[in-house]
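> model this:
(2 chains)
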Number of protein chains: 2
Amino acid sequence: MSAPAYAIVDWGTSSFRSWVLDNSGGVLNSDKTGQGMSTVNREDFPSVLEASMVRQAVPLSTPIVICGMAGAAQGWVEAPYAEIPTQLHDIHQFAVKPTNTARDVWIIPGLAQRSVTEPDVMRGEETILYGAMLLGNGDGVFCMPGTHSKWAFVIDGRVESFQTSMTGEVFALLVRHSTLTPFVSLDVGCLAHEKAFGDAVREALDKPHQILSSLFSVRSEPLLFGALQAGERTARLSGLLIGLEIAGLRGRSFNHVMLISSGEISDVYCAALKVAGMTFEVLDSEALVQAGLTQYAKQIVSL
Amino acid sequence: MSAPAYAIVDWGTSSFRSWVLDNSGGVLNSDKTGQGMSTVNREDFPSVLEASMVRQAVPLSTPIVICGMAGAAQGWVEAPYAEIPTQLHDIHQFAVKPTNTARDVWIIPGLAQRSVTEPDVMRGEETILYGAMLLGNGDGVFCMPGTHSKWAFVIDGRVESFQTSMTGEVFALLVRHSTLTPFVSLDVGCLAHEKAFGDAVREALDKPHQILSSLFSVRSEPLLFGALQAGERTARLSGLLIGLEIAGLRGRSFNHVMLISSGEISDVYCAALKVAGMTFEVLDSEALVQAGLTQYAKQIVSL
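Below you'll find the predicted structure:
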């Protein structure tokens, strides 16, 4: 087995993913846990990392490069945001080095859009976008769906602007804690109810300003017509919110989207983008973050 | 003291309000508790009512007329919705009579808008609107803010259409259970931060389709600028959602609103309506529901 050259870590809000690489970028080992920022106390970041490095047999001297929420103010150590339109390949220059570990650790900062009218932040997605660039998808419109969906507009290797939507979080709040809760279900996939989902996407695209009423109709519709089952109503709720997210991009001129996603949420967004008349290709976020982190690691080591 | 002629009850989701009236509509007694539909088991409605009638010394033979969620499917006994555009003064004809009480009880039904594209329901607001009509504000555009805000368009004593927005509920979910929670506060009144509130109303009116991003900015703005205090951010969140509710009425032509509300929420909506360039007058919901229920009671007794 070749010697480890770098270890890389994608340390998000709810997950920890690591890979150990040799000099040519080959993967020697990997690790994945649920120890995301939200479940780790500030002082425990070094020991959580150490345990993973031990599991992966990484020598003490191996440089470790981390992206994601570990660099948030409430993470391990704050890595102040780089500001757009910083070149994606330059962001490693702003990496910060925690001092409370014997390891050679570097945390890549996120990106900030310091706009008074559209302030926005990302952490982790900058590395995914860099990976996309390295793998041949550098410029264009990127959609990274999730709890806080990010849309990024990349030109000449720089993020020109980006937009975060609380789509996944609002969906989860309404499914779990609202008066809609008895009428919906998390058990059933949205795409089992393609028509209800597509109609809802269209409704939100047509009438985004009426979303607060459209949401209530998820409750009143079964009271009046009794027709939709819980799965269909869930599909409708999901379609309304994803349609609203896409409506939020109105005014920007593009038709092709690079969707960075995997699993069920990827299928759901593909269906929504189709309804919105957009073309798209799907890129795998894990491959991209790995590519981006690997290259940042090489650049940091060669500094 | 004159003899009780009727007892009336406004039985909502979270509150129970009752008045006892003499033949000329004078109030002999009243009662108010937090025993709304959401806290009362189905089989306990008769005993909750009985306890209030005993507290108010109402004889067994006195007719009792109830509006609100007591008539919901999950309430005491379902009072099937009357359908718009039923005349407001005719709704009592569809009242239902629970059989599991020795009292002479009548429950006024709510109203349904049985539209496939805009299905909607109300319970209790029909009686408020009837009260407004009786007190000389019959026709026009009515706004009844709350957990589920209702806007009703009344012409010639009939509700022609109405629209429910989940404004208050979405606000409460975001304040209590979301990633915005650490950034906001329920302690501070919105109107202490008039500029933050007004700017947010304007932003939502201008860009309702970007609401999912505007909501996220409540989080990213303090990360980037650190400027707003929790109270201002709460004002901003409230302004965004009330602005979005008003944006939802876009396309309907009206400029004057009858705002049925009281207390702090009334002041907040007044401020929002001003920002939206609307004129308004404020009507007290308690006086209106009392007037509406009293008249329905008279009509039912004379049937």
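> my guess is residue A:281 contacts residue A:266, does it?
No: taking Cβ atoms under 8 Å as the definition, residue A:281 is not a contact partner of residue A:266, at 11.2 Å. Glycine gets a C-beta too; all of them are placed from N, C-alpha and C.
> residue contacts, residue A:219?
Contacts here follow Cβ atoms under 8 Å, 6 or more residues apart in numbering or on different chains; on that basis residue A:219 touches A:179-180, A:183.
> and it, that's in a strand?
No: read with DSSP: H, G, I helix; E, B strand; the rest coil, residue A:219 is helix and lies in no strand.
> So it versus residue B:37, what's the distance?
Distance of residue A:219 to residue B:37, computed by Cβ to Cβ, to the nearest Å: 15 Å.
> Next to chain B, which bits of the stretch 151-300 of chain A? Give me the list.
If contacts are counted using Cβ under 8 Å from any Cβ of the partner chain, the residues of the stretch 151-300 of chain A sitting beside chain B are A:163-167, A:169-170, A:173-174, A:177-179, A:208-213, A:215-217, A:220-221, A:223-225, A:241, A:244-245, A:247-248, A:250.
> among the residues you listed, which are in helices?
Those of those mapping onto helices are A:167, A:169-170, A:173-174, A:177, A:211-213, A:215-217, A:220-221, A:223-225, A:241, A:244-245, A:247, per DSSP state H.
> For ChimeraX, write the selection for the buried entries among these.
Typed into ChimeraX, the next command selects the buried ones out of these (criterion: 16 or more other Cβ atoms under 10 Å in any protein chain shown):
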select /A:167,169,170,173,174,211,212,213,215,216,217,220,221,223,224,241,244,245,247
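> Now do residue A:277 against chain B, distance only.
Taken as Cβ to the nearest Cβ, to the nearest Å, the spacing of residue A:277 relative to chain B amounts to 16 Å.
> which residues does residue A:281 form a beta bridge with?
residue A:258 (DSSP bridges).
> what's the answer for residue A:111, then?
For residue A:111, the residues forming beta bridges with it (DSSP bridges) are residue A:82, residue A:122.
> Same check on residue A:144?
Using DSSP bridges, the bridge partners assigned to residue A:144 are residue A:150.
> Settle this for me: it is touching residue A:257, isn't it.
No: between residue A:144 and residue A:257 no contact is recorded; they are 10.6 Å apart, counting by Cβ under 8 Å.
> which one of those two has more residues nearby?
Neighbours were counted for residue A:144 and for residue A:257 using other Cβ atoms under 10 Å in any protein chain shown; residue A:144 has more, 25 against 22.
> List the contacts of that one.
Residue A:144 makes contact with A:125, A:128, A:150-152, A:260-261, A:285, according to Cβ under 8 Å, 6+ apart.
> Could you check how many residues crowd around residue A:42?
11.
> got a list of what the residue nearest to it when sequence neighbours are not counted touches?
Among residues not flanking residue A:42 along the chain, residue A:76 sits closest, at 7.0 Å (Cβ to Cβ, 6 or more residues apart in numbering or on different chains). When the contact criterion is Cβ under 8 Å, 6+ apart, the partners of residue A:76 are A:11, A:42, A:45-46, A:66, A:70, A:98, A:107.
> just these now: which is nearest residue A:229?
When the contacts of residue A:76 are ranked by distance to residue A:229 (Cβ to Cβ), residue A:11 comes first, at 39.6 Å.
> Which residues does that closest one form beta bridges with?
Assigned bridge partners for residue A:11, using DSSP bridges, are residue A:16, residue A:68.
> Correct me if wrong: it contacts residue A:37.
Yes: Residue A:11 lies in contact with residue A:37 (Cβ under 8 Å); the separation is 6.8 Å.
> In chain A, what residue spans correspond to helices?
Taking DSSP H as the criterion, chain A contains helices spanning A:45-55, A:125-134, A:167-177, A:194-206, A:211-225, A:230-247, A:263-275, A:285-301.
> The third one relative to helix A:230-247, how many degrees between them?
An angle of 150 degrees separates the directions of helix A:167-177 and helix A:230-247 when computed by axes from the mean of the first three to the mean of the last three Cα atoms, to 10 degrees.
> hmm, who's touching helix A:167-177?
So helix A:167-177 is in contact with A:145-149, A:180-181, A:184, A:186, A:215, A:234, A:237-238, A:241-242, A:244-245, B:170, B:173-174, B:177-179, B:212, B:215, going by Cβ under 8 Å, 6+ apart.
> Check stretch A:115-124 too.
For stretch A:115-124, using Cβ under 8 Å, 6+ apart, the contacting residues are A:10, A:12, A:67-69, A:71-72, A:81, A:109-113, A:150, A:152, A:161-164, A:289, B:213, B:216-217, B:220-221, B:223-225.
> Next up, the contacts around the closest residue to residue A:290 other than its chain neighbours.
Counting by Cβ to Cβ, 6+ apart, residue A:19 is the residue found nearest to residue A:290 once chain neighbours are left out, at 5.9 Å. Residues touching residue A:19, when contacts are defined by Cβ under 8 Å, 6+ apart, comprise A:7-8, A:27, A:29-31, A:290, A:293-294.
> Ok, residue A:66 next?
For residue A:66, the contacting residues are A:8-11, A:49, A:76, A:105-108, by Cβ under 8 Å, 6+ apart.
> Count residues in the vicinity of residue A:140, would you?
Neighbouring residues of residue A:140 were enumerated by other Cβ under 10 Å; the total is 15.
> what's the answer for residue A:263, then?
7.
> For it, give me the pLDDT.
Reading off the per-residue confidence, residue A:263 sits at a pLDDT of 87.
> what's the answer for the one 10 residues further on, then?
According to the predicted model, the pLDDT of residue A:273 comes to 97.
> For it, which non-adjacent residue is closest in space?
Take residue A:273 and drop its neighbours on the chain: the residue closest to it by Cβ to Cβ, 6+ apart is residue A:280, 4.9 Å away.
> list the contacts for the residue nearest to residue A:124 when sequence neighbours are not counted?
Taking Cβ to Cβ, 6+ apart, and ignoring the residues beside it in sequence, residue A:124 has residue A:68 as its nearest neighbour in space, at 3.8 Å. Listed by Cβ under 8 Å, 6+ apart, the contact partners of residue A:68 are A:9-13, A:37, A:123-124, A:127.
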